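Chemist: no sequence on this one, just coordinates:
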Ligand SMILES: Nc1ncnc2c1ncn2[C@@H]1O[C@H](COP(=O)(O)OP(=O)(O)OP(=O)(O)O)[C@@H](O)[C@H]1O
Ligand SMILES: Nc1ncnc2c1ncn2[C@@H]1O[C@H](COP(=O)(O)OP(=O)(O)OP(=O)(O)O)[C@@H](O)[C@H]1O
Ligand SMILES: [Mg+2]
Ligand SMILES: [Mg+2]
């Protein structure tokens, strides 16, 4: 059992999810009755995390997702024609992804630093464009339509989240380009030797990540009928948390979107439950902090290494790359 | 360049490399090498560690671009780059495992050549091709098993399957048998002969001369990156090949080898068990050089690392005795404090901080007495480092330089120098001359001999048989984490060691 | 990061190019980049003195130092974590505020010294928890410190309920905040003292040497008999102590402290370290570089304000400068490799 | 009220269930005292409150709004994180038949019909009040002034500044704003930027300072003291009458402030949501009185936060 959990990278996320669901079922069953709301929260936490996962799978990082979200929001809102605005927003996101990738792949900047720079620059740009004020969408009514529930309590955000997950999951597991992300993250030299277009793959993941962040920005803006240049302040850390709890290895090569999804569910449901319970925001921060700490200090590999150090003799193989 | 015997082979040349040169910084790894292999031929490339074999192969496979010369297949000169070579039908089985641990066997076999329909992986065809490849080499593995869960031997076969799956014209194998047992090796060799019979051109690299004589038609012999000869196997003998490989020194050194008159036991290990180490007893005496032989994967590294506490032990005790006092070796820290010095296998990743100066690297294990009240004593450090650099013959002896700027051989001298300053009672070396050029190698050997004569106990792991035979006053041969046998200098020779390493009960005559 | 993916890329399994015996003197760009921060700071200062009126005035220099002091002390501390190849300590945000709040909230009851002692206890707690998780449990520093920030900041906010603590007018803390050393505020003096001490620790002491060595090659350092886990703990503890001092300075400066007083300190401090040209791969770097990075950023924001630029532009320019600096550094590395 | 009856079976049949969706709480001094008063009032009137804190993240508040609506409370008190972004929340609540009152920051005019009423200060009015104070003290001669703004992008800060500028433009044409920088609601930031504004604009050119809250006003005052300027010579107007600001007003270092009472704010938020739930007719706004506090009358207004 312990091994099975350690093997599947999603192991810990599952455990956490079970715990959360269990507690909620007893304490705050309403979380399930109002599943529409809960799903919306999960989508809020999880959407950007999906994009981030692609980058992390390759052993890279993107700190600029929050700023990307804010900037695209402003772009969408500042363009009178909503349709045009949305397209412009998404294009912005992809362009930002390309910029990050350029700095990392072509110029050769470490992704952590490169995206730290764009984190500042893009937020600044969002402020400049919006003059530091929320920008209200011109065509509010069509935006309002978007915010409404489609089927039952399912909002477009949730629908898009589900669709995006399915598509990315398909891409990463069934399509060659996506599957090769694991090679890029798992053993970059071997990937190069095997003739995999590593640089292209890196560009792809960063542009997808930028696109997803932009998508989140668009959805926020439509749902709120306005763009807030300060938006996304909490996004980076939240999605980062979902990715980590989802068991994605920051060195790349190990992890999955499913894990991220489970992580997002665990975090999202936890937050909704605590909100219903009227728990202080601080309590939520502390809990998430603890969860993170536990999740990271019990990484399957470290656990295996640790248990080997303790009583040793873990039958089976060593994973050179891990 | 000696007479290239193309003239005397009827085979149609498939791959031809002309006047290849490759430098790494200062060191020349491949020096004006030409080589050609015909259809259906198995062509051996032999040479000592660091001779340039792998580098040459990586050039043939288009992974490295040569500083001079070019590669042509069927007379057509190849574009630089791995892609062109792959398309030309050159498949390389790397010396280092180069699989993606979290991908399945099937995915790894088709890595970089995944069959797709509109970008979607055609898993049916993927399985099919992978299956065929595995069938061709006659190995059965669960196609959906993640490679990280396979044994090293299986990984090796998956690598070969991956090469075969590309239905290549030229198949290059770089020390494929290094991690294989005799049975597996035997199997592999037969397989290669079958493939050759189908008209494949095969380049085969191995340190094991018998293998070469069993399956190869011709041999290109490299030393220090140069082609020293190009022989037709049928017309030569193993000894001739070995002589060419190692040049003169080997014989000389073998003659100068002498049995030490060892002193008191310094290191004593009893019942050592650890990951891939299954119960080892071992003594090393002052003034004695104890050699540990065996095949890669035998667990030699794990063995010594477990003894001196680098890696965790699951059972057994190790003690070190320094002037009468016996201390238990708990962790690695205590081992170092007790006077053990360790030169690890992986120089670049474990031995040196490449972007720190030689002086800094030498300071690291000696920081204690090179600092006063927690402050480093710059002057003392420079003087100390310079002295040791001279002692090990570092060239150039500029201790201010980044270690990374030195050649492999000189880097290794720095790693050794790190420990000399402590005047260790026991010094442990894992593959001390891997990838070290012949000159530096000889100096390192002299250094070790000198240490032993000075009363230091020395424990050496080496895959380089001549080296092992030359240095050791006694050789323990390890297999599957056990000592299969112990050989005195006069019992020890290539065959006797290999026999034990490969686990052959009675050495088959040759 | 215990084994950061990026480091993995920096030293691939095979084919890692090794520099030649003869070090090729790098191109112009190498020359600039290796001295980048010194040149940039110099140019910026000269520019400011000439073109930004009021910059050179003594009052303004004081303001520059006010901008630089707290963040600078944090950045100098964080340099140790960065050089040990652990990227960043996100929890400095919580640590600075904790120290500041404790100083102002508890000194009435326990006296200034007592309060400082309590703050020190928490600083050590942060340092040890972060350090042990990263150094011994081999957890990723970014995630660990993200977790400890959440916990620490959350608890601090719960306990202080947003209260703004302020010391008595002309009390010892206020006095410290207003004190001058010659033309400079005392806080600038503290910054410089911290920088000098940190610089000595990093470049002259055995411990600093081990941090650099660990940052440049964990394995080799361990195999030299160094307790590498301990080294990491040390690095995080130093960072925490610096963050504590920064908390004191910040609180004293305005004689107030509140749980949110150090928002954004994490990435701003890291930005200073990076603009200084310290390598995120660990090993290489110096306190002087960080110090100059801090001066650079502080002068930059100062002249942007003096020239009437809005907050938005300040952010934009700062970000652009970071991108430029790190891009140049990367290009220089490439040039070296050639 | 409709909400009341269909929740009859609820665990809290004794009183109304009310959600208070706030952008701040125990993490800010104002919010802390607002909450205290709010909870006290709730206990008194037997209202069970569920309180959220969106940390001024509009998206988060939107989700918390739907959470609230999902739990079918009798009423919702909404303190917008960003007023432009709350329309959907209001519409959803209306659709669910849950009365909503706005508190502390009023909704946009076009959204007015979606809320029962608004209780709290008019942030524009606060700004106008500050403008009057400064305009009058400067007299017909007018003069040049600087603004120490709140946290960039924060709606309260934006509204106060807007009202301030608007009032100046309409009634005090001779008063000119020659510089502004955000002080992030923090004394130390305000201290630095004020000093820098003095440097760049010239001490002699600044006739008055509007700090969008008292904490930052304190910073501005200390900046002057550090530069050896007598704060009484340059009138500083803040907002809040906070524990940090009031002493300065008393001592005359700060010319004036506008007393914004978190207690009034919190109490009335509860008081009027109950009215709304019970279906009583309400006026469009119940504005908090914003008395001007100067050295003379400061003693009558003890600081609340
Ligand atoms: N990427 C590299 N950078 C620098 N030097 C290298 C690199 N790869 C190989 N070398 C050096 O080039 C020389 C030849 O190395 P190579 O791996 O080709 O030898 P080899 O014949 O394959 O040895 P072995 O039998 O141990 O595999 C050695 O001195 C080695 O240190
Ligand atoms: N069955 C196995 N499972 C996992 N890893 C293995 C296995 N066999 C070998 N390895 C790995 O292959 C590498 C070589 O093995 P090892 O170091 O034990 O061989 P060795 O006898 O020391 O030979 P060398 O001196 O060449 O390393 C090591 O990294 C080891 O962990
Ligand atoms: Mg080789
Ligand atoms: Mg080994």
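Modeler: Yep, it's here. Since we're looking at a predicted model, the values are computed, not measured. Ligands and ions are numbered 1, 2, ... in the order given.

Chemist: point out where the chain drops to low pLDDT.
Modeler: Because you didn't say which chain, this covers chain A. A:1-10, A:147-153, A:299-322 (pLDDT under 70).

Chemist: please go with chain B instead
Modeler: Ranges of chain B meeting pLDDT under 70: B:1-9, B:25-26, B:49-50, B:179, B:181, B:246-261, B:435, B:437-438, B:502-510.

Chemist: per the annotation, how does it divide into domains?
Modeler: Following the TED database, chain B resolves into domains at B:13-252, B:264-339+B:424-502, B:343-405.

Chemist: the strands in the chain, which residues?
Modeler: No chain in the question, so chain A it is. For chain A, applying DSSP state E gives strands covering A:135-136, A:226-227.

Chemist: sorry, should have said chain C
Modeler: C:165-166, C:180-181, C:184-185, C:256-257.

Chemist: chain D now?
Modeler: D:17-22, D:48-53, D:75-78, D:100-103, D:118-120, D:143-149, D:175-182, D:208-211, D:236-237, D:256-258, D:285-287, D:292-294.

Chemist: contact residues of the stretch 301-450 of chain B facing ligand 2?
Modeler: Neighbours of ligand 2 within the stretch 301-450 of chain B, by CB under 6 Å from any ligand atom: B:301-302, B:345, B:430-431. In this view, the C-beta of every residue, glycine as well, is placed from N, C-alpha and C.

Chemist: ok, now with 8 Å
Modeler: B:301-303, B:345, B:430-431, B:434 (CB under 8 Å from any ligand atom).

Chemist: so of those residues, which ones are in strands?
Modeler: residue B:430.

Chemist: residue C:310: which of the residues of the stretch 301-450 of chain B next to ligand 2 is nearest?
Modeler: Nearest to residue C:310 among those: residue B:345, at 58.8 Å, using CB to CB.

Chemist: skip the chain neighbours and tell me the closest residue to the closest one.
Modeler: residue B:430 (4.0 Å; CB to CB, 6 or more residues apart in numbering or on different chains).

Chemist: neighbours of residue 288, how many?
Modeler: Using chain A here. Residue A:288 sits with 24 neighbouring residues when counted by other CB atoms under 10 Å in any protein chain shown.

Chemist: please refer instead to chain C.
Modeler: 18.

Chemist: likewise residue A:25?
Modeler: So residue A:25, with other CB under 10 Å, has 12 neighbours.

Chemist: measure it to residue A:266 for me?
Modeler: Distance, residue A:25 to residue A:266, by CB to CB, to the nearest Å: 14 Å.

Chemist: and the residue of chain A that's closest to ligand 3?
Modeler: Checking chain A residue by residue against ligand 3 with CB to the ion singles out residue A:193 as nearest, at 14.4 Å.

Chemist: contacting residues for that residue?
Modeler: B:61, B:63, B:82, B:92, B:94, B:98 (CB atoms under 8 Å, 6 or more residues apart in numbering or on different chains).

Chemist: show me which of these are buried.
Modeler: Buried members of those, scored by 16 or more other CB atoms under 10 Å in any protein chain shown, are B:61, B:63, B:82, B:92, B:94, B:98.

Chemist: what sits against the third one?
Modeler: The reference is to residue B:82. By CB under 8 Å, 6+ apart, the neighbours of residue B:82 are A:192-195, B:61-63.

Chemist: where's it relative to residue B:88, distance?
Modeler: Taking CB to CB, one finds residue B:82 at 11 Å from residue B:88.

Chemist: same question for the fifth one.
Modeler: Computed as CB to CB, the residue B:94 to residue B:88 distance reads 18 Å.

Chemist: just the last one next, same as before
Modeler: In this view, residue B:98 and residue B:88 are 20 Å apart by CB to CB.

Chemist: likewise for the first one?
Modeler: Distance from residue B:61 to residue B:88, counting by CB to CB: 10 Å.

Chemist: list, one by one, the residues from the stretch 101-250 of chain A near chain D.
Modeler: A:127, A:130, A:132-136, A:140, A:144, A:147, A:220, A:223-226, A:228-231, A:233-234 (CB under 8 Å from any CB of the partner chain).

Chemist: which ones among the residues you listed are found in helices?
Modeler: Among these, the ones falling in helices (DSSP state H) are A:127, A:130, A:140, A:144, A:147, A:220, A:223-224.

Chemist: of all those residues, which comes closest to ligand 2?
Modeler: Minimum distance to ligand 2 across these is 48.3 Å, recorded for residue A:220 (CB to the nearest ligand atom).

Chemist: wait, what's in contact with the closest residue to that closest one other than its chain neighbours?
Modeler: Leaving aside its sequence neighbours, residue A:220 sits nearest to residue D:59 (CB to CB, 6+ apart; 4.8 Å). With contact set as CB under 8 Å, 6+ apart, residue D:59 has these partners: A:44, A:220, A:223-224, A:231.

Chemist: show me the contacts for residue B:113.
Modeler: Counted by CB under 8 Å, 6+ apart, residue B:113 has contacts A:194-195, B:86, B:165-166.
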